[in-house]
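Colleague: pasting a predicted model and its sequence here:
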Amino acid sequence: MKKIKLIFIILGLIALFACEEEEKGPVIGVFTTPSISSPSGGLSYVLTEATEDDVMATFTWSAADFGFQAATTYVVMMDFADNNFAKPFNLGNTTDLELSVLVGDVNNKLMTAGALADVADDFEVRIRATIHKDVDTLYSTGVTLTITPFEKIIIYPSLYVPGSYQDNWNPAWIEWDAANENTKIYSVKDDGKYEGYLYFPEAVAEYKLLKVPAWEEDNTIGDPDASGQSGTLQIGSWGGNNIKYEGTPGYYLVKADLNALTYSHTLTDWGLIGSAVPPYDWSVDENMTYDPLTDLWTITIDLVAGDIKFRANDAWDLNYGDDGGDGKLEPGGANIAVGEAGNYTITLNLSEAIYRYTVVKN
């Protein structure tokens, strides 16, 4: 019995010393968020092509306080005012307490996010402050600005995809061409997530991703695993190993997420389906034909008045429709109307940042 009591006493002392040791740990003070001092909310900006190289605004803010000295990175974030920063885009980042943004850069960001040209809309701006992934992120209170963008061809963020497949796809190209504008994938939402369609004509293909159209150590992206098939990405140090595809030759949806550092490639074979397409009940696809030289899918077919959509692999997992009736395709978008019966030639173009189609009656 005395031994048992002694054991309990020892355990009690250990717990006591442990608690005292914990109380001596570091104590972090109350955080202070940054605060935007300029521009003030309620200002209006009308962007024009003539002023696209001018500074639209210089954002300034007070320093964030994390309770101890640390190097702080600030990001100027923007989103539609009624979106509660659900899909923000970044205007820039800095370690200073101010950031100037150009008219052209802001215009491109707004148009990429879906703003309408020549239409005034309200956008909210806030500052994000970070010092380390294990320390809470601090955000300023947002300010609302009214901005009218202008119409211009949007330059979407892209990754170049040089590889062994390029000259086999098109004899006019050379393999491992870092500057080939035809072999790119895009981030339409400018959110670090890229996708695009590439043709791998052979059973084995290797490639890398480039942030710029040149071989630069810090801008080269590959696979950290020697197999080249890990599904994970390495950015910089020449990107590690080539990404390797092995399988059925064909037309692939290639995705790369630079946030999660992941990639994938999915074989696709496209068809036309709908109430305008035989047997007129959305049950069976009519296969389209791919031409590697034009990089287009086409079909010439007799249709009746009704609706059509494009879908891959005889399934609904990947399909495109047109929400705006503007010839632009969206994943899972609205049915595309065919007004009258007749013979039609239909094209599907997945080669650019924005996927498009045409429906032409012969």
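Modeller: Okay, I see it.
Colleague: how about the spatially most central residue of the chain: what's its closest non-neighbour residue?
Modeller: What sits nearest the mean C-alpha location of the chain, by CA atoms, centre = their mean, is K193, with 2.8 Å. Sequence neighbours aside, D257 is the residue nearest to K193 in space, at 5.0 Å (criterion: CB to CB, 6 or more residues apart in numbering). (C-beta placed from N, C-alpha, C; glycine too.)
Colleague: for that neighbour, which residues make a bridge with it?
Modeller: Going by DSSP bridges, D257 is paired in beta bridges with K193, T262.
Colleague: care to break the protein down by domain?
Modeller: 36-148, 158-268, 270-361 (automatic domain parsing).
Colleague: closest one to V30 among the ones you listed?
Modeller: domain 36-148 (6.8 Å; CB to CB).
Colleague: sorry, back to before: go ahead and confirm the residue nearest to the centre of the chain touches K255.
Modeller: Yes. Using CB atoms under 8 Å, K193 makes contact with K255 at a distance of 7.4 Å.
Colleague: give me the pLDDT for the residue nearest to T32 when sequence neighbours are not counted.
Modeller: Closest residue to T32 apart from its sequence neighbours, by CB to CB, 6+ apart: D65 at 3.7 Å. Per-residue pLDDT puts D65 at 93.
Colleague: what about D65, how many residues close to it?
Modeller: By other CB atoms under 10 Å, the residues close to D65 number 17.
Colleague: what's the answer for T141, then?
Modeller: Neighbour tally, T141, other CB under 10 Å: 12.
Colleague: where's it relative to A129, distance?
Modeller: 13 Å (CB to CB, to the nearest Å).
Colleague: next one: V101
Modeller: Taking CB to CB, one finds V101 at 18 Å from A129.
Colleague: quick one, helices of the protein?
Modeller: 2-23, 103-112, 166-169 (DSSP state H).
Colleague: circling back: got a list of what the residue nearest to the centre of the chain touches?
Modeller: 187, 255-259 (CB atoms under 8 Å, 6 or more residues apart in numbering).
Colleague: export those residues to TSV and append columns for distance to V360 and neighbour count.
Modeller: Shown next, in TSV, are the contacts of K193 (distance: CB to CB, whole Å; neighbours: other CB atoms under 10 Å):
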residue	distance to V360	neighbour count
S187	31	20
K255	31	15
A256	34	23
D257	37	16
L258	38	19
N259	40	8
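Colleague: let me know the closest of the residues you listed to N180.
Modeller: A256 (16.6 Å).
Colleague: does N90 really touch Y74, like I thought?
Modeller: No. Contact criterion CB under 8 Å: N90 and Y74 do not qualify, at 10.7 Å.
Colleague: ok, what's across the strand from W61?
Modeller: Counting by DSSP bridges, the residues bridging with W61 are I36.
Colleague: state the pLDDT value of it.
Modeller: Looking at W61, the pLDDT reads 97.
Colleague: distance check, it against L91.
Modeller: Applying CB to CB to W61 and L91 gives a distance of 13 Å.
Colleague: what do T141 and A129 both touch?
Modeller: Common neighbours of T141 and A129 (CB under 8 Å, 6+ apart) are T33.
Colleague: in the chain, which strand is the longest?
Modeller: Ordering each strand of the chain by length in residues (DSSP state E) puts strand 121-130 first.
Colleague: what lines up beside that strand in the sheet?
Modeller: Strand 121-130 is paired, per DSSP bridges, with strand 73-80 (antiparallel), strand 138-139 (antiparallel), strand 143-148 (antiparallel).
Colleague: the ones you listed: which one's closest to N349?
Modeller: Across those (criterion: CB to CB), the nearest stretch is strand 73-80, sitting at 28.6 Å.
Colleague: buried residues in the closest one?
Modeller: 74-80 (16 or more other CB atoms under 10 Å).
Colleague: equivalent analysis for stretch 299-313, please.
Modeller: 299, 301, 303, 306-312.
Colleague: with stretch 136-151 instead?
Modeller: Under 16+ other CB under 10 Å, the buried positions of stretch 136-151 are 138-140, 142-143, 145, 147-150.
Colleague: swap in stretch 246-255?
Modeller: Quick answer for stretch 246-255 (16+ other CB under 10 Å): 249, 251-254.
Colleague: could you redo those as CSV and give each row pLDDT and distance to N242?
Modeller: Output for the buried residues of stretch 246-255, formatted as CSV (pLDDT from 0 to 100; distance: CB to CB, whole Å):
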residue, pLDDT, distance to N242
P249, 97, 18
Y251, 98, 21
Y252, 97, 16
L253, 98, 19
V254, 98, 14
